[in-house]
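In: From the sequence below, what's the structure:
(4 chains)
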Protein chains: 2
Amino acid sequence: MPSAEQPNLESLKSAGLKSTSPRLKILALFESGPERHMSAEEVYRLLLASGEDVGLATVYRVLTQFQQAGLLERHNFEGGKSVFELNQGKHHDHIVCLQCGHVEEFYDAIIETRQQNIAAELGFGIRDHSLCLYADCTKIQCPHAGNTQRSTATPSA
Amino acid sequence: MPSAEQPNLESLKSAGLKSTSPRLKILALFESGPERHMSAEEVYRLLLASGEDVGLATVYRVLTQFQQAGLLERHNFEGGKSVFELNQGKHHDHIVCLQCGHVEEFYDAIIETRQQNIAAELGFGIRDHSLCLYADCTKIQCPHAGNTQRSTATPSA
DNA sequence: ACGCAAATGATAATCATTCTCATTTGCATT
DNA sequence: AATGCAAATGAGAATGATTATCATTTGCGT
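Out: Residues are numbered from 1 along each chain as shown, chains lettered A, B, ... in the order given. I've put the predicted structure just below:
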């Protein structure tokens, strides 16, 4: 027998979390699911669709635990619901489709540097930051038309 | 008698909104109140505190109407609630205290330019964007300690 | 196999916000 | 100044996302 290779079990263990069925399934969904960025309800629906029987409350709990453990990142884009993605270590910003909520990623070294400089100029350190560009589905040929989006949601500046 | 000078009445009129007591009071609060950035509930509480009798639903309605009319800007920072500020025409980004939600403003031409470039590089136009830096109260000597902040709120990147 | 703390799932509760609807009010017109 | 009516208001119900509660189940060390 070859030596075991179960990164998910390891991730959970090192996070102090028991290796349970819902947790493994949620982690697997982020690692090999159809979408990198998912809300709690999307995760819930995908699990139900694949025949898994997990409660919505558990999904919320697990997502929050994973976020606190550093396995996932949480984003609060427009639309009123949190979106999660696998924490891959590499920082990046986002561009979100205002029509369907689909997310694309980008990274710009100049902006990152500038943010640090601004923080320094203002005399304090940034704990975190959020940069999100909003665009229309039509412009980015987004393949995810017709999703949910809160009606009154308006981009903040 | 000198010629009338009532910018608020004008603002409402040109927005197609009737000049009512709640609207004038809310507008006045943003123009000369203690805080440039306020949530619906903060507005509501300040009005109650100053003896005005407006309903919370009306505050929400009026804020949304003002935003749609271009009188106010709406921001969706961390903390789960929308924050409004007078639309002064000059675009700026924000730095938000993670402890109490107090907001400071800044503008950086380099970042603005860079965002346009990124949009161009990715091949589509930005409709809007949101840049927000998050810091701790302690670091910015924020005078507004002990306010509300959703416990699970986490900065998005 | 045991035992117990941790985890789960169903449901109630909470929070911000919007909707409903009966009553009131601004304002243009007599 | 009196009238009329659409627009606005306010109280409370409804909604949507998320969290808390609590009895039952399960992972895992002994």
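In: pLDDT on the lengthiest strand in chain A, on average?
Out: Determined from DSSP state E, the single longest strand within chain A is strand A:128-135. Throughout strand A:128-135, pLDDT has a mean value of 86.
In: Restrict that strand to CA atoms and write it as CSV.
Out: Output of strand A:128-135 as CSV, limited to C-alpha atoms (Å, rounded to 0.1, in the frame of the first residue of the first chain):
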residue,chain,number,x,y,z
ASP,A,128,-7.3,44.2,5.2
HIS,A,129,-8.8,45.8,2.1
SER,A,130,-11.5,45.2,-0.5
LEU,A,131,-11.4,46.2,-4.1
CYS,A,132,-14.1,45.2,-6.4
LEU,A,133,-15.0,46.3,-9.9
TYR,A,134,-18.5,46.0,-11.0
ALA,A,135,-19.5,45.4,-14.6
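In: What pLDDT is listed against A:Asn35?
Out: Slight slip there: residue A:35 is Glu, not Asn. pLDDT at A:Glu35 comes out at 90.
In: Count residues in the vicinity of it, would you?
Out: Counted with other CB atoms under 10 Å in any protein chain shown, residues neighbouring A:Glu35 total 16. C-beta coordinates here come from the backbone N, C-alpha and C atoms, glycine included.
In: Then A:Ala109?
Out: 8.
In: And A:Glu105, which helix or strand is it part of?
Out: Using DSSP states H and E, A:Glu105 sits within strand A:103-106.
In: What strands line up against that strand, and which way round?
Out: Paired neighbours of strand A:103-106 in the sheet (DSSP bridges): strand A:93-97 (antiparallel).
In: and the strand it pairs with, how far from the chain's centre?
Out: Counting by CA atoms, centre = their mean, to the nearest Å, strand A:93-97 is centred 12 Å from the centre of its parent chain.
In: okay, the angle between it and strand A:128-135?
Out: With axes from the mean of the first three to the mean of the last three CA atoms, to 10 degrees defining the directions, strand A:93-97 sits at 30 degrees from strand A:128-135.
In: Which positions in strand A:93-97 come out as buried?
Out: Residues A:93-97 are the ones in strand A:93-97 that count as buried (16 or more other CB atoms under 10 Å in any protein chain shown).
In: Give me the local confidence score for A:Thr138.
Out: Confidence score, pLDDT, at A:Thr138: 53.
In: out of the buried residues of strand A:93-97, which one sits closest to DNA strand D?
Out: A:Val96 (14.5 Å; CB to the nearest atom of the strand).
In: which residues touch that closest one?
Out: Contacts of A:Val96 were listed using CB atoms under 8 Å, 6 or more residues apart in numbering or on different chains, and they are A:77-78, A:102-104, A:132-135.
In: circling back to that earlier point, quick check, the strand holding A:Glu105 touching DNA strand D?
Out: No. Strand A:103-106 stays out of contact with DNA strand D when judged by CB under 7 Å from any atom of the strand, the minimum separation being 14.6 Å.
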